[in-house]
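Student: The sequence isn't on hand, but the structure is:
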C-alpha cells in the first residue's frame, strides 16, 4: 500500500445519532441475553436493504405515511423471520421518523459489535472484485501492519482503474491508479 493518508471520515460510530441508536440496541440485546441472534439479524437486515430494491424504496421514500411505512416494514420483517428485538428496533426508528437513517444505524451497529469483539473493519475498494487469494494476501499484509483480527468489507469502484483504497477507521491507504495519476498530474503542473 503506497500512500498512508490520515483523513477524517466523520463521526465515529460511538457518537452521533447512528451511534446512539446502535448503542441502545446493543445494550438492550445484551441485557435480554440475545446479542448473538440480534447481531445475526442485523447483518441479515443489512443484506435485505442492499439486495431488495423494493425495501430500499420503502426506506428512502419521503412520501409514505409513517403508519403505512411501519406496517409495510414490519410485515416484511415478520415474513423474513426477524425476531422481536429487531422488529421493535425498526418500529422505534420509524416512529421517530428516522427510517431513511436505517442503513446508517445498521452500519453503526456492525461497527460497534466489531469494536466490542476486537475485530478491525477494513473497507477495501478495488476496481474489480477481489479474488479469495487477493483477499487473503491483503488480510495477511494488514495483520503484518499490526491490525489483528481483520474483517474485509469489499467494494467495487471501476473509476479507480487499478490498485486499492483501504480504509480502517480514520486511516486511508490509497494505492489506486487513479490517485497515482492525479499525483502525477499535480506534479507535472508544478513543473510547468
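Tutor: Arrived safely. Keep in mind that this is a model prediction, so the values were computed, not measured.
Student: Pretty sure residue 93 sits against residue 100.
Tutor: No. At 9.5 Å, residue 93 does not count as touching residue 100 under the criterion of Cβ atoms under 8 Å. All C-beta spots, glycine's among them, are computed from the backbone N, C-alpha and C.
Student: mind checking the SS state of the nearest residue to residue 165 once chain neighbours are set aside?
Tutor: Among residues not flanking residue 165 along the chain, residue 125 sits closest, at 4.4 Å (Cβ to Cβ, 6 or more residues apart in numbering). Following DSSP: H, G, I helix; E, B strand; the rest coil, we place residue 125 in the strand state.
Student: Then the one 3 residues further on?
Tutor: On the three-state scheme (three-state DSSP), residue 128 is labelled coil.
Student: circling back: report the beta-bridge partner residues of the residue nearest to residue 165.
Tutor: The partner list for residue 125 in beta bridges (DSSP bridges) reads residue 155, residue 165.
Student: need the contact list for it.
Tutor: Taking Cβ atoms under 8 Å, 6 or more residues apart in numbering as the contact definition, residue 125 lies against 154, 155, 156, 157, 160, 164, 165, 166, 167, 176.
Student: ok, of those, which come out buried?
Tutor: A residue is treated as buried here by neighbour count (16 or more other Cβ atoms under 10 Å); on that basis the buried members of these are 160, 164, 165, 166, 167, 176.
Student: Need the pLDDT of the third one.
Tutor: Residue 165 is assigned a predicted lDDT (pLDDT) of 90.
Student: from what I can see it touches residue 172, true?
Tutor: Yes. Under the criterion of Cβ under 8 Å, residue 165 is in contact with residue 172, at a separation of 6.9 Å.
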